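Undergrad: Sequence and predicted model, in that order:
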Amino acid sequence: MRNSLSSSRHPWPLVAAVAAPLVCAVLLYAAVHPAHADDNAASEAQPSVAVQTVRVQRAAIAQPVRGFGIVAASASNLTTINLPYVARIAQMRVQAGETVKRGAPLFVVQADPAAVLAATQARSALTLAQGELTRTRSLYDKGLATQSQLASASKAADDARDALAAQNQTGAARGSKVVTAPFDAVVLQLSAAQGDQVQAGAAILQLASGSGSGRDARANVTLGVEPTDAAAIHPGDAVTLHGLSATLAQSSVEGRVVLVGAAIDPQSQLVNIGATVPLAQTPFIPGTRVSGDIATRTGMHWIVPRAAVLRDGQQAYVFQITPQSNAHRVAVSIAVENGDRYGVDGALDPMLGVVTSGNYELQDGMAVRAGGDAAR
């Protein structure tokens with residue numbers, strides 16, 4: 001009986017000896033396997049932001065200042081045509097709104113008979129005074145005239161000569177005279193009609209000159225700008241005019257600033273800017289109301305989209321993408337603002353893209369997934 005009991009209990013130590021290593025192996029595998037899962041999860045959770053980039057370039061860019069005004073509103077651009085003597089308009093050759101070239105006939109006049117008579121009398125007076133001077137000098141040489149008489153005759157001749165010169169300057173003459181345009185211009189206003197008798201100095205018509213050139217350039221467009229913007233504008237700055245009406249909304253023409261006002265207009269509370277713009281063969285006729293973009297602070301800068309520039313307190317910065325697909329923060333200073341673009345200065349690499357989308361999520365050195373260049 002004792003032998004049978006001992007033989008029935010004998011296998012259990014053998015089972016325990018075999019099972020113990022198996023249990024240890026299972027526990028060891030269970031301890032190691034979760035560690036690998038955590039490593040894979042950590043690898044998959046590594047930050048990676050999808051971004052879009054654009055190429056940067058260094059080029060000229062300006063900050064526009066917007067002004068509003070009217071074509072041919074500057075007084076320096078207007079010329080009034082008149083006559084220094086009484087005359088009658090025999091024929092009017094132009095009409096209001098017409099474009100004329102230099103030397104083109106404007107109107108034909110006939111001087112008043114009294115003005116012609118005055119010119120004729122001035123010539124006769126000079127002839128008489130010169131004859132009297134010759135006679136007095138001859139008598140003086142013979143001792144038959146005094147020094148005072150000779151001086152009086154000489155003065156009378158000089159006065160007659162000056163009077164004739166003044167009459168010749170008026171241009172009064174017998175018959176008809178054609179008055180021509182002194183420069184390329186637009187007939188802005190007619191103050192007299194055919195058949196009218198006009199007094200000396202009275203306005204006959206008004207001309208608005210086209211754009212000048214060189215040193216004689218005159219403003220033919222006046223734009224009002226905010227006083228705070230006027231200090232940045234200088235003669236020579238480029239101007240782009242746009243029409244305010246619906247029909248001229250797509251029309252534009254280029255010009256240059258020639259005058260910057262030094263005072264605020266009391267009516268508009270703006271500073272007037274004079275510009276010369278070539279308006280020939282354009283729809284911008286005198287009286288057209290326009291807006292103008294004046295290019296100020298023109299310079300060479302990195303041109304980047306406005307969306308690419310971020311601010312951290314007082315500092316502006318952008319992100320560029322390195323060849324290893326990491327975000328690289330670059331500090332910049334904004335020099336010019338032009339619509340949806342900035343002109344910035346900084347240590348940018350022209351070979352690397354600048355992030356325009358997704359940059360708010362980036363940190364320096366973060367891994368990114370570039371989605372290609374976005375539209376500029």
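TA: Alright, I've got the coordinates. All figures in this text were calculated on a predicted structure; none of them were measured in a lab.
Undergrad: wait, Tyr360 sits on Leu310?
TA: Yes - with contact defined as CB atoms under 8 Å, Tyr360 reaches Leu310; the gap is 7.0 Å. Using the backbone N, CA and C atoms, a C-beta is placed for each residue, glycine as well.
Undergrad: So which of these two has more stuff around it?
TA: Here Tyr360 and Leu310 are set side by side on neighbour count (other CB atoms under 10 Å), and the busier one is Leu310, at 16 against 10.
Undergrad: what's the spacing between that one and Ala166?
TA: In this structure, Leu310 and Ala166 are 76 Å apart, going by CB to CB, to the nearest Å.
Undergrad: need the helices for this protein, in chain order.
TA: Along the chain, counting by DSSP state H, helices occupy 2-9, 11-44, 113-141, 147-170, 227-230.
Undergrad: what residue is smack in the middle of the protein?
TA: The residue lying closest to the centre of the chain (CA atoms, centre = their mean) is Val239, at 2.1 Å.
Undergrad: Show me this protein divided up by domain.
TA: Domain assignment of the chain by automatic domain parsing yields the ranges 49-60+300-373, 65-75+211-298, 80-209.
Undergrad: With mean pLDDT added, can I get those in TSV?
TA: Conversion of these to TSV gives the following (pLDDT from 0 to 100):
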stretch	mean pLDDT
domain 49-60+300-373	88
domain 65-75+211-298	84
domain 80-209	84
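Undergrad: wait, doesn't Arg58 sit right on His301?
TA: Yes - under the criterion of CB under 8 Å, Arg58 is in contact with His301, at a separation of 6.9 Å.
Undergrad: Look at those two and report which has more neighbours.
TA: For Arg58 against His301, the residue with the higher neighbour count under other CB under 10 Å is His301, and the figures read 24 against 13.
Undergrad: Bridge partners for the more buried one, pull those for me.
TA: As for beta bridges, His301 partners with Ala59 under DSSP bridges.
Undergrad: residues in contact with it?
TA: Taking CB atoms under 8 Å, 6 or more residues apart in numbering as the definition of contact, the neighbours of His301 are Arg58, Ala59, Ile61, Ala335, Val336, Gly343, Val344, Asp345.
Undergrad: Distance check, it against Ile204.
TA: Distance of His301 to Ile204, computed by CB to CB: 54 Å.
Undergrad: same question, Leu144
TA: Distance of Leu144 to Ile204, computed by CB to CB: 54 Å.
Undergrad: just to revisit the earlier point, now render the contacts of His301 as CSV, adding distance to Ser148.
TA: Compiled in CSV, those are given as follows (distance: CB to CB, whole Å):
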residue, distance to Ser148
Arg58, 85
Ala59, 83
Ile61, 80
Ala335, 81
Val336, 80
Gly343, 82
Val344, 87
Asp345, 85
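Undergrad: Buried only: go through those residues for me.
TA: Among those, those that count as buried by neighbour count (16 or more other CB atoms under 10 Å) are Ile61, Ala335, Val336, Gly343, Val344, Asp345.
Undergrad: Quickly list what the last one is bridged to.
TA: Spelled out, that is Asp345. Under DSSP bridges, the beta-bridge partners of Asp345 are Ser333.
Undergrad: my read: it touches Trp302, true?
TA: Yes - here Asp345 lies in contact with Trp302, judged by CB under 8 Å, at a distance of 6.8 Å.
Undergrad: between those two, what contacts are shared?
TA: Common neighbours of Asp345 and Trp302 are listed as Val332 (criterion: CB under 8 Å, 6+ apart).
Undergrad: Same drill for Leu144 and Ile204, tell me which one is more crowded.
TA: Neighbour comparison, Leu144 and Ile204: the larger count goes to Ile204, with 21 against 10 (by other CB under 10 Å).
Undergrad: pretty sure the more buried one contacts Val198?
TA: Yes - assessed by CB under 8 Å, Ile204 is found in contact with Val198 at 6.0 Å.
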